[in-house]
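[1] what shape does this take:
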Amino acid sequence: MSENKEALELAVENGTRLHKFSPIFILIYVIRKSIIPLALGVFTYGSSNYAKTLVIAAGIFIAFFAILQYWFYHYWLTEEKIEIKEGILFKKNRKVPYTRIQNVNVEQNILQRFFKVATLQLESASGGKPEAVMRVVSLDVVEKIKAKVKAASNQSALNKSVTEGEDKSLEENQFLHDIPTKDVIKYGIISQKGMFYGAILFSFMAQNQMFVAAFTKYLNILYKIPDFSKITLAEGFVYVAIVGIALFVFLQLMSILWALMKFYQFNIEKHDDRLQAHMGLISKVSATIPLKKIQLYRITENPLHKYFKAQTIGIETAGGVNTDQSGIVMRWLAPYIKKTKVKGFIHEIESKIKLGSVDWKLIPQRAWKRVFKRTIFVLGLFTLILLALNFIPQIQIRFYAWIIIALLVPMAYIYSKAYVKKTAYFCNDDIICFKSGVWFGKQSFVKISKIQTIEIHESPFDRRNNMATLEIDTAGSNILLHHVQIPYLAMQEAIDLKIFLEDKLKTTEFDW
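    Numbering: from 1, shown residues only. Modelled structure (predicted):
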């Protein structure tokens, strides 16, 4: 009994290490993220044996250094906080209260499920990276940390309701949405992610002639590749068509495989004041996100969405953990959802966002002229480049290129008119919304209580036309993605809208 007590006291003093199998998974992670890309880069370009030896030595050092970190990683679970110490040369010591932890994300690949361990990621709203990524811990530790975070969150919510004089009991778990396998396959086709991974594969092949030669050699065993310099034009068209169809099918299969790997058995639930999503085929991911952390809702659809009568609902969150480089990430509320279910789904999450009652206000009709002029300017610049290239003796621009450019002028006119009809905004006491996109429709919704800054931008062309752009910034804004940025507003309309929002912000309590 005394020995157990001494062991417990020693563990409290020295902290707890990660799971005993952690070095294996750290090594796998480092090989996948660092060593394999480094090796491919060197061996692809046919470097010297000396360079290859350096790569092998660097790989061994990186692997050893990564595994060594396991011995310097300790954590403590107290009643109020989790404390983590890590680092070999540069020590880090973080103490994170459970009340500060907003996301507890769990990932399990097939090997981790076999050993009954998981990668645990803890997020707060304090920055652009997780507070901690624990690779790997036992499932018992995962459940223990989840329980402590949930208890701290419930106590915080209870204290707040008591302070505000409310008698509010905790809500039951509420199932919101799931995606059947057939719809995951549809989303794979919609996403066309295979194009991205196919581009990487073909770039690798283009840079590695030795690999292409070996692939062609083995392909000749199964099928005799013809000499294209000796076949007829008709035979050439047939071969090109066959290769094109095979390539198209291959890229679609890659897109479907990506979707299945990421979103197989996707479902999302509402737990009190937070959402819980589960997904994944080989790597099972469980991601949580508090509702108060959601800064922006984004609804997107492309022509393939429209064909399947579906949309994708994404989010941006406070803290900036919105990139895959930051670890486990939850950017989707519904990667694939039928259009008829979108309004009810959003309303279940945020009762103040009522898409059925949104009365969109179009931007000024005269804005089409500015869009048309901008498009014609780009087209004219492209024409000048073609004219310049046409003076080079080795390059001759065919006559049908000029026909295509001429046909693009009426297309620019049609696009400009459609742009004005598709660009609109809506604002009431609770939310501000913005939609745009002719072929690729996007809608962004922001609660007024989440707004950080309101800006009016004027370009020289705006001032000439007495127009302006109104832009809304939140704690999780990504300016590279669609957000509330309303262009071509009449100047007075932009000023009135800014004043309205600022007046609302003065009486709004911020909740991050």
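[2] start from the N-terminal end of the stretch 351-500 of the chain and give the strands.
    Under the criterion DSSP state E, counting those that start in this stretch, the stretch 351-500 of the chain contains strands at 361-362, 424-427, 431-436, 441-447, 451-457, 467-474, 485-490.
[3] got CSV for those, with mean neighbour count and distance to Lys339 too?
    The way it works is simple: take the backbone N, C-alpha and C, and place the C-beta from them, glycine included. Below are the strands of the stretch 351-500 of the chain laid out as CSV (neighbours: other Cβ atoms under 10 Å; distance: least, Cβ to Cβ, whole Å):
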stretch, mean neighbour count, distance to Lys339
strand 361-362, 13, 21
strand 424-427, 19, 18
strand 431-436, 22, 14
strand 441-447, 21, 11
strand 451-457, 15, 28
strand 467-474, 20, 25
strand 485-490, 20, 24
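[4] surely Asn408 meets Leu379?
    One thing to correct before we go on: residue 408 is Leu, not Asn. Yes. Between Leu408 and Leu379 there is a contact under Cβ atoms under 8 Å: 5.8 Å.
[5] and of the strands of the stretch 351-500 of the chain, who's closest to Glu316?
    With Cβ to Cβ, the closest approach to Glu316 among those belongs to strand 467-474: 7.1 Å.
[6] counting by contacts, list what that closest one packs against.
    If you count contacts as 3 or more Cβ pairs under 8 Å, 6 or more residues apart in numbering; DSSP states H and E, strand 467-474 packs onto strand 451-457, helix 460-464, strand 485-490, helix 491-506.
[7] who's in contact with it?
    295-296, 316, 318, 364, 367, 370, 432, 446, 450-459, 461-462, 483-491, 494-495, 497-498, 501 (Cβ atoms under 8 Å, 6 or more residues apart in numbering).
[8] try it again with 7 Å
    Where contact means Cβ atoms under 7 Å, 6 or more residues apart in numbering, the residues beyond strand 467-474 that reach it are 295-296, 432, 446, 450-458, 462, 484-491, 494, 497-498.
[9] and the pLDDT at the nearest residue to Gln485 once chain neighbours are set aside?
    With sequence-adjacent residues excluded and distances taken as Cβ to Cβ, 6 or more residues apart in numbering, Gln485 is closest to Glu471, at 4.6 Å. Reported pLDDT at Glu471 in the predicted model: 94.
[10] and after the lengthiest helix in the chain, which helix or strand comes next?
    In the chain, taking DSSP state H as the definition, the longest helix is helix 233-263. Sequence order places strand 267-271 as the next helix or strand after helix 233-263, per DSSP states H and E.
[11] what mean pLDDT does that next one get?
    89.
[12] got it, and stretch 61-81?
    pLDDT averaged over stretch 61-81 gives 85.
[13] swap in stretch 107-118?
    Stretch 107-118 shows a mean pLDDT of 90.
[14] quick one: contacts of that stretch?
    19, 21, 25, 106, 119, 136-139, 142, 282-285, 328.
[15] count of neighbours near Asn93?
    As a burial measure, Asn93 scores 10 neighbours (other Cβ atoms under 10 Å).
[16] after the helix or strand where it lies, which helix or strand is next?
    In the assignment (DSSP H and E), Asn93 maps to strand 92-97. Following strand 92-97 in sequence order, the next helix or strand is strand 103-108 (DSSP H and E).
[17] quick check: next helix or strand after that following strand?
    helix 110-115.
[18] can you dump the C-alpha atoms of that following helix in PDB for me?
    The C-alpha coordinates for helix 110-115 follow below in PDB (Å, rounded to 0.1, in the frame of the first residue of the first chain):
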ATOM      1  CA  ILE A 110      -6.400   2.200 -37.800                       C
ATOM      2  CA  LEU A 111      -3.100   1.500 -36.000                       C
ATOM      3  CA  GLN A 112      -4.100   3.700 -33.100                       C
ATOM      4  CA  ARG A 113      -7.500   1.900 -32.800                       C
ATOM      5  CA  PHE A 114      -5.600  -1.400 -32.600                       C
ATOM      6  CA  PHE A 115      -3.500  -0.200 -29.700                       C
END
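[19] so what's Val142 up against?
    106, 118, 120.
[20] if we can go back for a sec, buried ones in the longest helix of the chain?
    Residues 251-252, 254-260, 262-263 are the ones in helix 233-263 that count as buried (16 or more other Cβ atoms under 10 Å).
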